[in-house]
Each structure stands twice: as C-alpha cells, then as structure tokens.
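[1] Got a predicted structure here, sequence first:
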Amino acid sequence: MRLLQFSTSHYCRKARLILGYKKVAYEVENLTPGVHILRVKPLTGGQTVPVLLSEDGAIGDSTQIWHYLEKEYPDRTLILGDRHQQQQAQLLEDWLDESLGVATRFIYYHYRSGEGKSIDPSWFSQAIIQIVKRQYNINPRAVTLATQRLEVGLNILGNSWQHQPYLIGDRISIADITAAALLSPLALIPHYRSQYPWLFERIVEIHQHCGETLPPGLGG
Ligand SMILES: N[C@@H](CCC(=O)N[C@@H](CS)C(=O)NCC(=O)O)C(=O)O
C-alpha cells in the first residue's frame, strides 16, 4: 500500500490518520505541488492528493480511500453501530471536507504569507504559498468569509468536543478523524490556539489514538 501525498496537506493527514487507526502498513510518496499532476492524473483522472495505491488500483479522494479501507480492513471500524449516529458522522465528514477544510486552507495560507511568514520565510516555501493562493483565489474577501464560516463551524463542533472526547456517540468515528486532520493547520495560528484550547486537546488525542505524528505547532 502506498500513499501519494503532499507532506503538508491536511487532506493527506486525514488519510494517514485512517491508515494509522486501522494499523495498515503503508509507505508514503511525497509529491511536489504543481508537478504532482503528471503522477496523479494518469492514475485517477483527477488532480488531487491523497491517492492510495492498492493492489486493487489507485483510489483518489480521502472519502473514497476511507470507504476502500473500511471494506478491506473492517476490524478496526470507524463506522458507528447506531445507524442514525453513523449518518450524522458522515454528514459531519462531508461538511468538514467541503466547507471547514476549505476555509482552514484559506485562513492558513493567508496567515503563512502575512503575519505567520516567519514560520518559514524561505524562498521555496513562500513561492509554494503564493502558488496555492493563486490556484484557490485566496484573497482578503474570501479569507474574511472563510473566517466567519470557521467561527460558526467551531462553535458547532465545540458543542460536543468541548465536553466529550468524540463528536458523535461514545467512540471514535470518521467525523473525529476528519475534524482532527482538517482543522490541524490552525495549530500554528495564535488566535485559534488561545480561543479554542479544547480543539487542540482533541486533535492531539485523535492523533495519539491513530499513532500519527502530531501536526506542526502541537509537537510535530
Ligand atoms: N476532496 C478531496 C480534497 C483533496 C485536496 O483538496 N487536495 C489538495 C491538497 S490539500 C490537492 O491535491 N490540491 C492540488 C490540486 O488541486 O491541484 C479529498 O478529500 O481527498
């Protein structure tokens, strides 16, 4: 099993958390943003990572990777026993994937190119950040909207994560894994560290649960 990834991508972190939770052996292949398309497109027809190379072929998209791993390695399942709770977990996963994960990307790259430039001011890192900002059209207005969306989202997640270890039910689900991965870039941003301390406690716990290295800012 081989995971094609960007080492810094939060969607790739989600795939690693799932693999780690299920204790599946795999190796990573780190790709360079931009030229990654030459490797990825012939495999999946798409242009995003993560891509999992298995004996059954190439699987693109973190949700499809989860479905595949759940089918092949059902033992350590991330599917909740209660059907209604499982539906809620999948709804949260989709919302995190499509909304909060994207908002986090906008806020993170905006921060890294401005106030947080000192995290890595190197020419190479700043060039990648500028490419990403252009690719996703990360401009001040979009960042403001993303910030508002994230605030609403964190308040919703806080209703459970602030008081209990899991977002839905009494054990880990795909919702916890997805939130821990997709919100992890916020660990480098002081505003979020001071406003949402419970978020980073949960992110650390989920990483420990999955045996995954902690994200930058939290010890990784
Ligand atoms: N819905 C996809 C999103 C993956 C995604 O957005 N990956 C980004 C890296 S964080 C990517 O590959 N971007 C490169 C591109 O779009 O060319 C998933 O869950 O796998």
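    Alright, I've got the coordinates.
[2] use CA for all of it now, contacts and neighbours both
    Will do.
[3] okay, now Ile203: neighbour count?
    Using other C-alpha atoms under 10 Å, Ile203 has 23 other residues around it.
[4] For the helix or strand hosting it, give me every contacting residue.
    With elements delineated by DSSP states H and E, Ile203 resides in helix 197-210, which encompasses its position. Contacts to helix 197-210, defined as C-alpha atoms under 8 Å, 6 or more residues apart in numbering, come from residues 17-18, 20-22, 158, 161-162, 165, 176-177, 179-181, 184, 187, 193, 213-214, 218.
[5] and what of stretch 103-111?
    Outside of stretch 103-111, the residues within contact range by C-alpha under 8 Å, 6+ apart are 117, 129, 132-133, 138-139, 142-143, 146-147, 149-150, 182-183, 185-186, 189.
[6] buried subset of those residues?
    A residue is treated as buried here by neighbour count (16 or more other C-alpha atoms under 10 Å); on that basis the buried members of the contacts of stretch 103-111 are 117, 129, 132-133, 138, 143, 146-147, 150, 182-183, 185-186, 189.
[7] so can I have JSON lines of the residues you listed showing distance to Asn30, secondary structure and pLDDT?
    Converted to JSON lines, the buried ones among the contacts of stretch 103-111 look like this (distance: C-alpha to C-alpha, whole Å; DSSP: H, G, I helix; E, B strand; the rest coil; pLDDT from 0 to 100):
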{"residue": "Lys117", "distance to Asn30": "23", "secondary structure": "helix", "pLDDT": "96"}
{"residue": "Ile129", "distance to Asn30": "17", "secondary structure": "helix", "pLDDT": "93"}
{"residue": "Val132", "distance to Asn30": "17", "secondary structure": "helix", "pLDDT": "92"}
{"residue": "Lys133", "distance to Asn30": "21", "secondary structure": "helix", "pLDDT": "95"}
{"residue": "Ile138", "distance to Asn30": "24", "secondary structure": "coil", "pLDDT": "97"}
{"residue": "Val143", "distance to Asn30": "28", "secondary structure": "helix", "pLDDT": "98"}
{"residue": "Ala146", "distance to Asn30": "28", "secondary structure": "helix", "pLDDT": "98"}
{"residue": "Thr147", "distance to Asn30": "30", "secondary structure": "helix", "pLDDT": "98"}
{"residue": "Leu150", "distance to Asn30": "29", "secondary structure": "helix", "pLDDT": "98"}
{"residue": "Leu182", "distance to Asn30": "19", "secondary structure": "helix", "pLDDT": "98"}
{"residue": "Leu183", "distance to Asn30": "21", "secondary structure": "coil", "pLDDT": "98"}
{"residue": "Pro185", "distance to Asn30": "18", "secondary structure": "helix", "pLDDT": "98"}
{"residue": "Leu186", "distance to Asn30": "22", "secondary structure": "helix", "pLDDT": "98"}
{"residue": "Ile189", "distance to Asn30": "25", "secondary structure": "coil", "pLDDT": "98"}
